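K.L.:
sequence first, predicted coordinates after that:
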Amino acid sequence: MFTGLVEALAPVVACERRRSGARLVLGPPALARGRARWRPELGESIAVSGCCLTVAELGRGGRTAYDLSRETLERTWFARLSSGAKVNVERALTLSDRLGGHLVSGHVDGLGRVAARADSRDGGALFTFEVPRGFERWLIDKGSIAVDGISLTVVAPRARRFRVALIPETLRRTSLGAARLGDAVHLEGDQVAKWIERLVAPALRSRRRARS
């Protein structure tokens, strides 16, 4: 599990296509001052722009490599990655960590897109995202959502769109700082909303059948 609080941006060294998928190689991220060095372990889970990946290889100079399956490539925008791009990274939670964002599994539910971006006049930005059909049921005003692995608060959801307000620090430390109109983003709905839906939906269907 993750919190959706991005630790840093990591540069893409390579994304090599293979028969079974691809091999993604990341360079060491630039961590904020005062943070411990980036030292992931082999087999560790890392959220890469909101997608939970396993460290498959540790390279020189702090590089890490990850194997991407065909399923992952089909459900994410990783197939479009090229050398020089930057992705959000976050190591998994420990039981003693503070949960500053919300519970994020790193399982991408769908691809959204940047529908609008405007300057908030305070150094931040106002984003509008559009979600794929069916995802809108998890959009709750002031609820949580993960966008490219970033824990954000849903504002004014309407149909398949919602807005978020990003502070300058978020723009500086995450990939959304460079996001442009039309860019694809990974979306993950709130875990609590999913469990409520899973538990309540069968009862609602049963009630509808009883009425009919």
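P.N.:
Happy to help now that I have it.
K.L.:
contacts made by the lowest-mean-pLDDT helix or strand in the chain with the rest, please.
P.N.:
Within the chain, confidence by mean pLDDT, DSSP states H and E is lowest for helix 191-211 among all helices and strands, at a mean of 77. If you take C-beta atoms under 8 Å, 6 or more residues apart in numbering as the criterion, helix 191-211 is touched by 102-105, 137-138, 140, 143. To be clear about C-beta, it is placed using only N, CA and C from the backbone, and glycine gets the same treatment.
K.L.:
in helices, which of those residues appear?
P.N.:
Taking DSSP state H, every one of the contacts of helix 191-211 sits outside helices.
K.L.:
could the residues you listed be laid out in JSON lines, adding neighbour count and pLDDT?
P.N.:
Output for the contacts of helix 191-211, formatted as JSON lines (neighbours: other C-beta atoms under 10 Å; pLDDT from 0 to 100):
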{"residue": "102", "neighbour count": "20", "pLDDT": "91"}
{"residue": "103", "neighbour count": "16", "pLDDT": "90"}
{"residue": "104", "neighbour count": "25", "pLDDT": "94"}
{"residue": "105", "neighbour count": "16", "pLDDT": "94"}
{"residue": "137", "neighbour count": "11", "pLDDT": "91"}
{"residue": "138", "neighbour count": "23", "pLDDT": "91"}
{"residue": "140", "neighbour count": "15", "pLDDT": "92"}
{"residue": "143", "neighbour count": "18", "pLDDT": "93"}
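K.L.:
on that earlier part again, only the buried residues of the least confident helix or strand of the chain, if you could.
P.N.:
For helix 191-211, burial by neighbour count (16 or more other C-beta atoms under 10 Å) applies to 191, 193.
K.L.:
ditto for stretch 70-77
P.N.:
Within stretch 70-77, the residues that count as buried by 16+ other C-beta under 10 Å are 72-73, 75-77.
K.L.:
also stretch 24-41?
P.N.:
24-29, 38, 40.
K.L.:
now, which of the residues you listed sits nearest residue 150?
P.N.:
Closest to residue 150 out of the buried residues of stretch 24-41 is residue 29 (14.7 Å), distances taken as C-beta to C-beta.
K.L.:
how about residue 70: what's its closest non-neighbour residue?
P.N.:
residue 21 (5.1 Å; C-beta to C-beta, 6 or more residues apart in numbering).
K.L.:
what's across from the one you found in the sheet?
P.N.:
Bridge pairing for residue 21 (DSSP bridges) gives the partners residue 18, residue 69.
K.L.:
in the buried residues of stretch 24-41, find the pair that's most separated.
P.N.:
Applying C-beta to C-beta across the buried residues of stretch 24-41, the maximum distance is between 24 and 38, 16.0 Å.
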